[in-house]
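Colleague: Dropping a prediction and its sequence here:
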Amino acid sequence: MTQFVALPPGLSAAEFERALGELRGLLGTDRVVAVADRLRPYQKMMIPAPDEAHVPSGVVMAESVTEVQGILAICNRYRIPLWPTSTGRNFGYGTSSPATRGQLILDLRRMNRILEVDAELGTALVEPGVTYQQLHDYLSERDIPLWLDFPGPGPIVSPLGNTLERGGGNTPYGDHFAHACGMEVVLADGRVLRTGMGSIPNTTSWQVFKYGYGPYLDGIFTQSNFGVVTKLGLWLMPAPPGHRTVLVQFDAEAQLPAAVDTMRRLQLQRVITNVGVMATAVMALSTFKTRAELYDGPGPVPQPVIDAAARDSGIATWNMTFTLYGTPAQIAPNLAIVTEAFEAVGGRVNPDFHDGSQVNELSLASFGILNWVGGGGLAWFAPVSPARGSDAARQAKLARRILGAHGFDYLAAPTLNGRDLHHLIALVYNRNDADEKQRANRCFEQLVHEFAQHGYGLYRVGIDYMDKLAGIYGSVNRDVNRAIKQALDPNGILAPGKSGIHP
Ligand SMILES: Cc1cc2nc3c(=O)[nH]c(=O)nc-3n(C[C@H](O)[C@H](O)[C@H](O)COP(=O)(O)OP(=O)(O)OC[C@H]3O[C@@H](n4cnc5c(N)ncnc54)[C@H](O)[C@@H]3O)c2cc1C
């Protein structure tokens with residue numbers, strides 16, 4: 001009998017062996033994995049959580065909707081919890097590990113067809129395993145003038161997986177869920193739901209009109225465990241005739257509020273149409289320097305050391321980037337407006353900057369932040385704030401103090417999205433150092449709780465923190481989610497614990 005790494009809760013080894021036998025009958029032996037060696041690539045959690053709490057019992061790999069239905073039927077019979085992943089690269093939030101021990105990972109990477117691209121309407125329909133790189137190549141090989149918006153690890157991650165997490169990028173289409181249109185979802189009982197216009201026989205409009213008729217359901221299948229999404233419609237941005245990326249630098253911390261207020265005004269007026277990014281000096285340095293090159297003492301790198309290194313590399317205390325898109329005739333007046341507005345609040349404007357993430361150039365450069373300390377530890381701390389200078393400054397002060405008290409640097413790149421600001425902070429640490437891992441864990445905990453005391457919640461969180469964050473969002477919210485869960489997945493087999501939703 002196989003020596004299992006973990007068992008699904010409530011199942012004996014013999015029962016699990018029988019279930020795996022049925023799964024092998026459905027998928028073949030190669031696509032059912034329960035041995036330690038082949039499970040290891042699925043256990044690369046970066047977050048500071050105990051590994052034992054998130055060990056999967058195995059992996060099954062589906063290649064079609066029919067296979068997903070077959071897997072669900074077997075898992076329902078044996079009550080095996082199933083953790084769906086698309087490309088499984090949810091780095092800094094748990095990678096592909098399940099929220100609770102013993103879940104079987106449903107790996108959908110092999111479902112990787114680009115089913116449709118409509119060049120006129122700017123739409124696509126993709127399966128879970130499609131990567132941004134694959135879609136990018138598809139468009140460029142066919143000279144289709146559409147752009148993608150992607151997250152930092154774009155080349156190797158999935159538009160479907162990222163959108164289900166309500167992730168983001170940096171072009172005008174940076175809010176990925178806002179630019180998704182129509183889903184196919186396999187429900188826990190095997191029925192297939194097509195949302196929006198997708199439920200109309202011979203639909204002509206699935207990828208162009210989101211809402212269909214009746215309640216708008218797509219939202220309940222994001223950051224949730226109510227179904228397995230097997231297709232997603234995307235809206236793609238027409239390649240603009242031109243673009244100009246602008247860097248605005250602010251040398252003093254005290255300039256942050258005015259910078260954020262100015263940005264909000266320009267975004268709400270639609271002078272700036274994309275997501276702005278506001279990197280701290282350490283965040284900018286971390287993309288090409290290591291911490292050890294600057295400082296080898298304990299605690300966060302002292303401010304004078306950061307300031308000196310930043311100055312040497314042309315980096316400021318706050319470094320804001322955004323892009324103006326359009327014809328030269330459209331860009332010129334907007335550039336004049338933004339230059340005047342940012343200079344009025346003391347910003348230094350460089351209108352000839354380059355940031356690939358804002359202009360359809362995929363790269364893995366953002367992984368540079370992992371070299372800052374080395375050792376592969378990363379937890380994203382992602383609180384939401386009104387895009388108001390006073391809130392941004394309060395959050396920056398809080399974050400700096402808490403991170404510093406635990407010995408970590410303030411690697412932040414808040415994204416500015418008109419009315420809201422996602423204060424994205426990379427808590428990077430050495431995961432091979434048990435003490436540092438514990439400190440990172442305590443630091444994260446304190447960040448969440450102090451931010452909550454000030455009325456700030458996170459937009460997304462790692463698998464180890466889902467219950468606690470759901471607790472902060474309150475009991476009515478949790479009860480409603482649980483009611484939907486019970487209605488759609490009465491045996492509670494889909495991803496128990498995802499977003500704090502349990503059967
Ligand atoms: C350096 C760096 C930079 C990053 N930058 C960004 C960024 O700019 N923006 C951003 O959003 N993220 C960013 N990330 C985080 C993360 O890597 C991306 O969000 C990534 O797209 C998520 O992984 P994935 O696409 O493989 O999704 P997956 O890991 O496949 O899916 C994510 C989760 O969604 C659920 N899920 C997935 N597929 C399905 C399905 N078919 N049905 C039901 N549920 C499903 C599961 O709960 C799964 O755990 C960054 C990470 C790093 C390390």
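Modeller: On my side now, so go ahead. Residues are numbered from 1 along each chain as shown.
Colleague: tell me the pLDDT at the closest residue to Gly174 other than its chain neighbours?
Modeller: Computed as Cβ to Cβ, 6 or more residues apart in numbering, the closest residue to Gly174 that is not its neighbour in sequence is Val275, at 3.6 Å. In this view, the C-beta of every residue, glycine as well, is placed from N, C-alpha and C. Note on Val275: pLDDT of 97.
Colleague: mind pulling up the phi and psi values for Val275?
Modeller: phi -80, psi 120 (degrees, to the nearest 10).
Colleague: Could I get the contacting residues of Ala495?
Modeller: For Ala495, the contacting residues are 81-84, 98-99, 103, 225, by Cβ atoms under 8 Å, 6 or more residues apart in numbering.
Colleague: Let me know the closest of these to the ligand.
Modeller: Pro84 (4.0 Å; Cβ to the nearest ligand atom).
Colleague: Counting neighbours, what do you get for the closest one?
Modeller: Neighbours of Pro84 under the rule other Cβ atoms under 10 Å: 27.
Colleague: Tell me the residues of the stretch 201-350 of the chain that contact the ligand?
Modeller: 228-229 (Cβ under 6 Å from any ligand atom).
Colleague: What is the burial count for the residue nearest to Gly174?
Modeller: Neighbours of Val275 (other Cβ under 10 Å): 25.
Colleague: was I right about it contacting Gly167?
Modeller: No. Using Cβ atoms under 8 Å, Val275 makes no contact with Gly167, being 11.7 Å away.
Colleague: quick one: what helix or strand has Arg401 in it?
Modeller: helix 389-405 (DSSP states H and E).
Colleague: Going by neighbour count, list what's buried in that helix.
Modeller: 389, 391-396, 398-400, 402-403 (16 or more other Cβ atoms under 10 Å).
Colleague: Not counting its own residues, what contacts it?
Modeller: 253, 256-261, 299-300, 381, 383, 385, 409-410, 412, 414, 421, 423, 425, 427, 443, 446-447, 450-451, 454, 456.
Colleague: try 7 Å this time
Modeller: Helix 389-405 has contacts (Cβ atoms under 7 Å, 6 or more residues apart in numbering) with 256-258, 260-261, 300, 383, 385, 409-410, 412, 414, 421, 423, 425, 443, 446-447, 450-451, 454, 456.
Colleague: is the ligand contacted by the strand or helix carrying Leu72?
Modeller: Per DSSP H and E: Leu72 is located in helix 65-78. No. Counting by Cβ under 6 Å from any ligand atom, the ligand is not contacted by helix 65-78; separation bottoms out at 8.9 Å.
Colleague: Any part of the following helix or strand past that helix near the ligand?
Modeller: Of the helices and strands lying after helix 65-78 in sequence (DSSP H and E), the nearest is strand 82-85. Yes. Counting by Cβ under 6 Å from any ligand atom, the ligand has neighbours in strand 82-85: 84-85.
Colleague: chain center to strand 82-85, what's the gap?
Modeller: How far strand 82-85 lies from its chain's middle: 16 Å, per Cα atoms, centre = their mean, to the nearest Å.
Colleague: ok, and what's touching that strand?
Modeller: By Cβ under 7 Å, 6+ apart, strand 82-85 touches 56, 71, 75, 96, 98, 103-108, 161, 228, 493-495.
Colleague: Of those, which belong to helices?
Modeller: Judged by DSSP state H, the subset of the contacts of strand 82-85 located in helices is 71, 75, 161.
Colleague: Neighbours of the residue nearest to the first one when sequence neighbours are not counted, how many?
Modeller: When the adjacent residues along the chain are set aside, Ile71 lies closest to Val60, with 5.6 Å between them (Cβ to Cβ, 6+ apart). For Val60, the tally of surrounding residues (other Cβ under 10 Å) stands at 26.
Colleague: what about Val60, distance to Pro8?
Modeller: Val60 sits 12 Å away from Pro8, taking Cβ to Cβ, to the nearest Å as the criterion.
Colleague: which residue is nearest the middle of this structure?
Modeller: By Cα atoms, centre = their mean, the chain has its centre lying nearest to Gly167, at 3.9 Å.
Colleague: Excluding chain neighbours, what is closest to that one?
Modeller: Pro151 (5.1 Å).
Colleague: show me the contacts for Thr195.
Modeller: 182-183, 185, 212, 217-218.
Colleague: Helices - which of those land there?
Modeller: Per DSSP H, those never map to helices.
Colleague: Greatest separation within those: which pair is it?
Modeller: The span of these, defined through Cβ to Cβ, is set by Val185 and Gly212 at 13.4 Å.
Colleague: if I pick Glu343, what's in contact with it?
Modeller: With contact taken as Cβ under 7 Å, 6+ apart, Glu343 is in contact with Val349.
Colleague: Dump the C-alpha coordinates for the helix or strand that it is a member of into PDB.
Modeller: For Glu343, the host element (DSSP H and E) is helix 328-344. What follows is helix 328-344, C-alpha atoms only, in PDB (Å, rounded to 0.1, in the frame of the first residue of the first chain):
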ATOM      1  CA  PRO A 328       0.700  62.100 -30.300                       C
ATOM      2  CA  ALA A 329      -2.000  64.700 -30.600                       C
ATOM      3  CA  GLN A 330      -3.900  63.200 -27.700                       C
ATOM      4  CA  ILE A 331      -0.800  62.600 -25.600                       C
ATOM      5  CA  ALA A 332       0.700  66.100 -25.900                       C
ATOM      6  CA  PRO A 333      -2.100  68.000 -24.000                       C
ATOM      7  CA  ASN A 334      -2.400  65.300 -21.400                       C
ATOM      8  CA  LEU A 335       1.300  65.300 -20.800                       C
ATOM      9  CA  ALA A 336       1.200  69.100 -20.300                       C
ATOM     10  CA  ILE A 337      -1.700  68.700 -17.800                       C
ATOM     11  CA  VAL A 338       0.000  66.000 -15.700                       C
ATOM     12  CA  THR A 339       3.400  67.700 -15.800                       C
ATOM     13  CA  GLU A 340       1.900  70.900 -14.500                       C
ATOM     14  CA  ALA A 341      -0.200  69.100 -11.800                       C
ATOM     15  CA  PHE A 342       2.700  67.100 -10.400                       C
ATOM     16  CA  GLU A 343       5.300  69.800 -10.600                       C
ATOM     17  CA  ALA A 344       2.900  72.000  -8.600                       C
END
